[in-house]
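[1] only geometry, no sequence info:
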Ligand code: SAH
């Protein structure tokens, strides 16, 4: 029989938690030293010992744990998890029924009521991400819930909870019929090769689905396209399918080249008609300027932080410079798709970076559209920080 720990919220933080803020930070409770065992359940209480909420202890870089319920008597058990997952699946009914898309997120952490846990569906292969040792202690009930609810072929998992938040898994397979990787999933009628057994990044970032679609449908036809930080070239595929004259994909990682060739090939596109370049993007900008290359459409989707041999890059610091370099090699009336997944700043600040870059270059621009997370990446209203994705599509005027 496990006992529930009482955690006392500091006076000035109480209102925030009563309003539904779901993440417990170390400094908001007076007695966090009572939390010893990952996965243990606690009651948040105010200084008068009144119950506020119930949650679990699971250390992530984000905090100490997550609120799970506002009902004092609710048990955090199989029924709890099954209900949450069932509701989440119900919300994604349109995805399950979509004949052109079979890769989407089923469960998005706190957005679906359980922070630290995500579940993605890749054509019946489910991928669970456990973001703390604490949430991983609920593995058996989560799998049992999926057994009862899901119509899956196999379950894979990533345990992303060593001290640095790094990926540590050695065996990603959990149960079912082992996949033969790559599996080819569909997204709005396009194909993507996915590997669930080869590290934390599986080949495609599902949160950019809507952006890939608009690139294909609205911005690519007849255009010369540059895709920077291209990874497996997912944006390049969308552009090529959308009728781009040519795509150029640039990424520092050696393996990005074969991965990008593979993504073109599974879509029946001749990769030899495309440029796939293994190079530091900042060097590529210099090269493009020297060669006077210009592009009609440039996609910018850097990682939040990146360290290469030559430099450290942080979107929070360096995005304006990145946009300035991009403006330089964008054609008149060309379009820039500026994206970031850095959760430490919001859309307003991001648009500020864009504005700063254009002003400093003395170039005018027009915002054509903005995107945040797609609907399967549901966001909890009291935790808007959960919506980390910011994409702004801008047109260079003149
Ligand atoms: N835009 C991609 C995802 C990018 S992931 C997509 O939508 O699929 C980030 C990528 O940036 C990684 O593949 C990494 O190798 C690459 N990268 C990091 N620093 C880089 C640099 N300085 N120059 C080029 N690529 C870089």
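    Received the coordinates, thanks. Remember, it's a predicted structure, so these values are computed and weren't measured experimentally.

[2] What average pLDDT does stretch 28-42 get?
    For stretch 28-42, mean pLDDT rounds to 96.

[3] in it, what's buried?
    28, 29, 32, 35, 38, 39, 40, 41, 42 (16 or more other C-beta atoms under 10 Å). For the C-beta atoms, the positions are set from N, CA and C on the backbone; glycine is no exception.

[4] ditto for stretch 378-395
    378-380, 382-383, 386-394.

[5] Quote the end-to-end distance of that stretch.
    29 Å (C-alpha to C-alpha, to the nearest Å).

[6] Briefly note if that stretch comes near the ligand.
    No - using C-beta under 6 Å from any ligand atom, stretch 378-395 never reaches the ligand; the gap is at least 10.4 Å.

[7] on that earlier part again, just the buried residues of stretch 378-395: which are in strands?
    Taking DSSP state E as the definition of strands, the buried residues of stretch 378-395 contribute 390, 391, 392, 393, 394.

[8] which one of those residues sits closest to the ligand?
    residue 391 (10.4 Å; C-beta to the nearest ligand atom).

[9] ok, that closest one touching residue 374?
    No - taking contacts as C-beta atoms under 8 Å, residue 391 lies outside contact range of residue 374: 10.5 Å.

[10] returning to that earlier point: pull the most distant pair out of the buried residues of stretch 28-42.
    Using C-beta to C-beta, the buried residues of stretch 28-42 reach their maximum pairwise distance at 28 and 39, which is 20.1 Å.

[11] circling back to that earlier point, kindly indicate which of the buried residues of stretch 28-42 lies nearest residue 289.
    Once C-beta to C-beta is applied, the member of the buried residues of stretch 28-42 that ends up nearest residue 289 is residue 28, at 48.9 Å.

[12] dump the residue contacts of that closest one.
    Contact analysis of residue 28 by C-beta atoms under 8 Å, 6 or more residues apart in numbering lists 9, 10, 13, 17.

[13] are any of these buried, and which?
    Buried, going by 16+ other C-beta under 10 Å: 9, 13, 17, out of these.

[14] Make a markdown table out of those and add distance to the ligand and secondary structure.
    Conversion of the buried ones among the contacts of residue 28 to a markdown table gives the following (distance: C-beta to the nearest ligand atom, whole Å; DSSP: H, G, I helix; E, B strand; the rest coil):
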| residue | distance to the ligand | secondary structure |
| --- | --- | --- |
| 9 | 37 | strand |
| 13 | 35 | helix |
| 17 | 35 | helix |
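
[15] can you list the domains in this structure?
    Under automatic domain parsing, the residue ranges defining each domain of the chain are 5-69, 78-188, 205-396.

[16] Endpoint to endpoint, the first one covers what distance?
    For domain 5-69, the first-to-last residue distance is 15 Å (C-alpha to C-alpha).

[17] same check, this time on stretch 69-83
    12 Å.

[18] Over to stretch 273-291?
    20 Å.

[19] mean confidence for it?
    97.

[20] quick one: buried residues of it?
    Neighbour-count burial for stretch 273-291 [16+ other C-beta under 10 Å]: 274, 276, 277, 280, 281, 282, 284, 285, 288.

[21] how near is the last one to residue 250?
    Distance, residue 288 to residue 250, using C-beta to C-beta, to the nearest Å: 9 Å.

[22] what do you get for the fifth one?
    For residue 281, the distance to residue 250 equals 6 Å [C-beta to C-beta].

[23] Need the residues touching each of those two.
    Joint contacts of residue 281 and residue 250 (C-beta under 8 Å, 6+ apart) are 228, 229.

[24] I'd like to know the beta-bridge partner residues of the closest residue to the ligand within the stretch 1-150 of the chain.
    Among all residues of the stretch 1-150 of the chain, residue 103 sits closest to the ligand, at 13.0 Å; criterion: C-beta to the nearest ligand atom. For residue 103, the beta-bridge partners are residue 122 (DSSP bridges).

[25] Kindly state the pLDDT recorded for it?
    On the pLDDT scale, residue 103 gets 98.

[26] just to revisit the earlier point, narrow the buried residues of stretch 273-291 to those in helices?
    281, 282, 284, 285, 288 (DSSP state H).

[27] Tell me which two of those sit farthest apart.
    282 and 288, at 10.9 Å, using C-beta to C-beta across those.
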